[in-house]
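Undergrad: quick one, fold the following:
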Amino acid sequence: MIYLLLVLLLFIFYQDFKERQVYLIILLITLLISAYIYYTTTYLDTFLLNIGFNIATVTFICFVLFMYIKYKMKLHFTEAIGFGDILFFLIFAVSFPTLTFLILFSLSLIFSGLLFFILKNSLKQKTVPLAGFQSIFLFIVFFINLMCNFVNLYAI
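TA: Prediction:
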């Protein structure tokens, strides 16, 4: 399963980077596989509690983003952030225990910002392919962990 997840993460990166959109079915399959991988590493009640908290955190972040975009930037929400980006936030939320989620989600946003800053002059479109950058970050984390097994991403 992990190998399929790695391929899907690469595909999401490629699609979002090249086309600035990702097929919904690819995102949903990625969501289901990543949730399944996490589910198989823990107890059901722990899994549900963690993803519940993680989804609440993503919901709060999206609410703050919505308010900022609407009142500060004076844009429609969909002009500033894509549906695929929000769905990728949910992929993170169902993929890890809360502490791991908070760390990896934060680091993925920092990674995405730095990568965009480095690549912005060479990009044709001046928007951030956030889901793509986050997917390549997650790919790197899973790949390194698969090769070296230096940390248990699902430990509580």
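Undergrad: what lies in contact with the longest helix seen in the chain?
TA: As assigned by DSSP state H, the longest helix anywhere in the chain is helix 44-67. For helix 44-67, the external contacting residues (Cβ atoms under 8 Å, 6 or more residues apart in numbering) are 35, 38-39, 42, 77, 80-81, 86, 89-90, 92-94, 96-98, 101-102, 156. For every residue, glycine as well, the C-beta is placed using N, CA and C.
Undergrad: which SS class is the residue lying closest to Ile12 once chain neighbours are set aside?
TA: Among residues not flanking Ile12 along the chain, Ser135 sits closest, at 4.0 Å (Cβ to Cβ, 6 or more residues apart in numbering). Secondary structure of Ser135, reduced to three states by DSSP: H, G, I helix; E, B strand; the rest coil: helix.
Undergrad: Ser135: neighbouring residues, count only.
TA: A total of 30 residues lie near Ser135 under the criterion other Cβ atoms under 10 Å.
Undergrad: any idea how far the closest residue in space to Thr41 that isn't next to it in sequence is from Thr100?
TA: The spatial neighbour of Thr41 that comes closest, neighbours along the chain excluded (Cβ to Cβ, 6+ apart), is Tyr154 at 4.1 Å. Between Tyr154 and Thr100 the distance is 7 Å, computed by Cβ to Cβ, to the nearest Å.
Undergrad: show the pLDDT at Ile25.
TA: Listed pLDDT for Ile25 reads 94.
Undergrad: can you say which helix or strand has it in it?
TA: Assessed by DSSP states H and E, Ile25 sits inside helix 24-39.
Undergrad: show me what that helix is packed against.
TA: Using 3 or more Cβ pairs under 8 Å, 6 or more residues apart in numbering; DSSP states H and E, the elements in contact with helix 24-39 are helix 2-19, helix 44-67, helix 83-95.
Undergrad: right, I'll leave it there.
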